[in-house]
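**Q** coordinates for the following, if possible.
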Amino acid sequence: MTLHVVGVRHHSPACAALVRDTLRAVRPRWVLVEGPADFNPRMGELLLGHTPPVALFSFHFADDRRHASWAPFCVYSPEWIALHEGSALGADVRFVDLPAWDHGMDGLENRYADGPLADPDVALAEALGEQGTDAAWDVAFELPPPDGLQERLTTYFRGLRERMPASASDLRREAYMARWVRWALGQGGEVVVVCGGFHAPVLEGLTPDPEAGEPEVPAPTTDRSATWLIPYDERRLDSFAGYASGMPSPAWYRWVWTEGVERAGPRGLEATATGLRARGQVVSVADTVAAWTQATALARVRGHRAVARVDLLDAVVSTWVKEALPAPVPWSARTALRPGTHPVLVELVARLSGDLRGTLHPDTPLPPLVHHVEAVRRQHDLQAAAAPRTLTLRRGDPRHEERRLALERLVLLGVAGITRAAREPTFVIQDDPMGPTSVLEAAAYGPTLEDAALAKLEERAREAEGFVALVAVLEASVRTGLPGLSARALADLDAVAREEHRLDVLGDGLHGLLGVVRHGGLSDADRAAVAVLVDTSLDRGLWLVEGVQGQGPVDLGRVAAVQALRDAAMGGVTVDPDRVRGVFERVADDPAAPLDLRGSALGALASLGHLTADGGADRASAVLAAVEPTRLGDYLAGLLRLAREVLSDGEGLLRAVDASLAAMDEVAFLAALPSLRVAFHQLPTRERADVGRSVAALHGRVGARLTARLAHDPALVARGMALEALAEAWRAHLGVP
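**A** Sure, this is the predicted structure:
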């Protein structure tokens, strides 16, 4: 009876080989693996013959706590090898870690995470002269021959444990694993434990406890807790994509495992060159020869027995990237790729990341939601096809309603391959390899599509903070046709609306509420309740809009808020119409109010019927005559957003704007140009063309091609012309010919 603890780095080919060789040499009775103990009764599911990557997805949804985590396996994961090799040898294989719903797993999204880097990692990298701890790991453990690997790993992990304090979660998990180890030792026979190297020093040297019974699995506090086997993919495993498992570039290590470390370099170079060529990048044979020559040279200089991953990465960048890079390469510090990363780096990281997607054996048990979603999609003809399918399903149309609701609920649950256009009743269904996985993960919310969507809504409602977020939950509940609004949700919305102090936020939420009323789907009781919320929001908004003072850049958020207040006032609200008109009158005439707010208030008066177009034009012209010319666009941005007819239905305001512009010098015009562009973008393209022709006519010209797209940003062109004029003035001043 002997205990053999094999501390590993998760997803390490070298550690996987060590586990395999240890099991074959020891031939243990017990193989204890770090993994969720609640899955032990179903261990056979992992041995059905899947194609990794696969993962155990665990969830626990209770009123006071929500947790979801993944335990992924690839073909070279030490835990995967332990499960299959141990079973083939006839050992009793058990998972010995806490289930996901235990508090010891709080905050741990990835069970097989590396954790934060520690002093030994940095010291190892410095001692080996490597840049980055991943490169140091490869040189110390992946590249050398396997002789002495166990001793090197033991020394490394003991040093890691001495310098890095254990968290409360670590201690709780280790105490549970120790109970399993003592129990297995008490049963007799050789025991092999495969666990993360950080835990190994704690489990070494444990003694048997023959009195102990088999450790119990902590019970969940809700029925909505389970662990399911799901497909996974290499992209989700890659640390460059943000995964915390540790080993980056999964495809590279798959090649190391299946073909040997000597073949991984050529495979990676070939894959990168092929990928770049497929994207239209020119990569010649000479380029690939240069990169491989550089990689082998770097390996020799660095003392590597074969081309390491970092050798290939550095070689490709140094030979194929001709420009200076704005930031260090991501593998020097294991950072995710940033927007704007050089395309060679993007393709290099992607090829070494890999595109392998796991598949489950057909006999794998699946959660009820998977079967229900398949049935619903068949019933309503919502399956994906080779080409994307576009469906337009109007809300309230009885011919479309069941299909629309099914799609809305699938979108809410985040099922891959189904999207909804933001402003149209249009859905796009397309084939997506992540579709089955996303349905499996959504199974955490319930057994049927309706149950799962309702649970998802309840979760969003609990997590929502602020008026806009709460209104978004309300909109989602209406779109998905789920049960009526709860009194609690309505009370929360009312309280938040009464306390909201930001005009733009209140306007955004009010716009959502109006959309809920406009698009229907509410019961009479819910419609009345939402109408009360609209009244509350309008009342609060009118109070806020009068409190905004001072000048600054154009703020389209507060302009949109005035538009929402105007739209609410047009409906059947109980707020006094005279109060609405009075507020807008005061804001429109208040010289201390922002100009965009004054313009939008005047536009609201016009669109509510309190001003004619000519009357609005006269009042706007009077304001423009009194403001600084460079702020002309600020005022028009608000006015044209709410009542563009004030400009387009007559020439009075147009003449005033034209006169103000004509009076500007070049410097003033450049200062006014940005807000003017914002203002006139409130007009549709055809109306902008009409305005252009009218202006041309004022000057005796004929406007042509006024809606043509400019090749360059007009503001940039104007600044360039101003610089040219300035240079010309200095040339003349200095007498330069």
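
**Q** out of the helices and strands in this protein, which is least certain?
**A** Lowest on mean pLDDT, DSSP states H and E among the helices and strands of the chain sits helix 119-128, with a mean of 63.

**Q** after that helix, heading C-terminal, what element do we hit next?
**A** Heading C-terminal from helix 119-128, the first helix or strand you meet, by DSSP states H and E, is helix 133-137.

**Q** and that next one, what other elements does it pack with?
**A** Applying 3 or more C-beta pairs under 8 Å, 6 or more residues apart in numbering; DSSP states H and E, we find helix 133-137 packed against helix 119-128, helix 309-320. C-beta coordinates here come from the backbone N, C-alpha and C atoms, glycine included.

**Q** tell me which residues of the longest one are tucked away?
**A** Buried residues in helix 309-320, defined by neighbour count with 16 or more other C-beta atoms under 10 Å: 309-317, 319-320.

**Q** same question for stretch 159-178.
**A** Under 16+ other C-beta under 10 Å, the buried positions of stretch 159-178 are 159-161, 164, 169-170, 172-174, 176-178.

**Q** sort out for me which of the residues you listed are in helices.
**A** Residues from those lying in helices, with DSSP state H as the criterion: 159-161, 169-170, 172-174, 176-178.

**Q** which of these sit farthest apart?
**A** 159 and 176 (24.8 Å; C-beta to C-beta).

**Q** follow-up on the earlier one: can you add distance to residue 40 and give the buried residues of helix 309-320 back as JSON lines?
**A** Output for those, formatted as JSON lines (distance: C-beta to C-beta, whole Å):
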{"residue": "309", "distance to residue 40": "36"}
{"residue": "310", "distance to residue 40": "39"}
{"residue": "311", "distance to residue 40": "42"}
{"residue": "312", "distance to residue 40": "41"}
{"residue": "313", "distance to residue 40": "40"}
{"residue": "314", "distance to residue 40": "45"}
{"residue": "315", "distance to residue 40": "46"}
{"residue": "316", "distance to residue 40": "45"}
{"residue": "317", "distance to residue 40": "46"}
{"residue": "319", "distance to residue 40": "51"}
{"residue": "320", "distance to residue 40": "50"}
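
**Q** dump the residues you listed to TSV, plus pLDDT.
**A** TSV is the format used below for these (pLDDT from 0 to 100):
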residue	pLDDT
309	89
310	88
311	91
312	90
313	88
314	88
315	90
316	88
317	87
319	89
320	86
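
**Q** nearest to residue 232 among the ones in helices among the buried residues of stretch 159-178?
**A** For those, the residue nearest residue 232 by C-beta to C-beta is residue 173; the value is 22.3 Å.

**Q** from residue 96, how far out is that closest one?
**A** Computed as C-beta to C-beta, to the nearest Å, the residue 173 to residue 96 distance reads 9 Å.

**Q** repeat that for residue 733.
**A** Distance from residue 733 to residue 96, by C-beta to C-beta: 85 Å.

**Q** between those two, tell me which one has more neighbours.
**A** Each of residue 733 and residue 96 has its neighbours counted (other C-beta atoms under 10 Å); residue 96 has more, 27 against 8.

**Q** what's the pLDDT at that one?
**A** pLDDT, residue 96: 96.

**Q** any idea which of the buried residues of stretch 159-178 is closest to residue 416?
**A** residue 169 (30.8 Å).

**Q** pretty sure the closest one contacts residue 111?
**A** No: using C-beta atoms under 8 Å, residue 169 is not in contact with residue 111; the gap is 11.1 Å.

**Q** which residues do these two both contact?
**A** Listed as contacting both residue 169 and residue 111 by C-beta atoms under 8 Å, 6 or more residues apart in numbering are residue 105.

**Q** looking at this, residue 144 is in a helix?
**A** No: Residue 144: not assigned to a helix; according to DSSP: H, G, I helix; E, B strand; the rest coil it is coil.

**Q** pLDDT weak spots in the stretch 351-500 of the chain?
**A** 422-424, 484-486 (pLDDT under 70).

**Q** how about low-confidence regions in the stretch 551-700 of the chain?
**A** Within the stretch 551-700 of the chain, the segments meeting pLDDT under 70 span 647-654, 687, 690, 695, 698.

**Q** on contacts alone, who are the packing partners of the helix or strand hosting residue 277?
**A** Applying DSSP H and E as the criterion places residue 277 in helix 261-278. Secondary-structure packing of helix 261-278 (3+ C-beta pairs under 8 Å, 6+ apart): helix 250-259, helix 285-302, helix 309-320, helix 343-353.

**Q** TSV for those, including distance to residue 471?
**A** Formatted as TSV, the helices and strands packed on helix 261-278 follow (distance: least, C-beta to C-beta, whole Å):
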stretch	distance to residue 471
helix 250-259	41
helix 285-302	54
helix 309-320	47
helix 343-353	38
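
**Q** the helix or strand hosting residue 566 packs against which elements?
**A** If you go by DSSP H and E, residue 566 is part of helix 556-570. Here helix 556-570 touches helix 503-519, helix 524-545, helix 577-589, helix 595-607, helix 632-643, going by 3+ C-beta pairs under 8 Å, 6+ apart.
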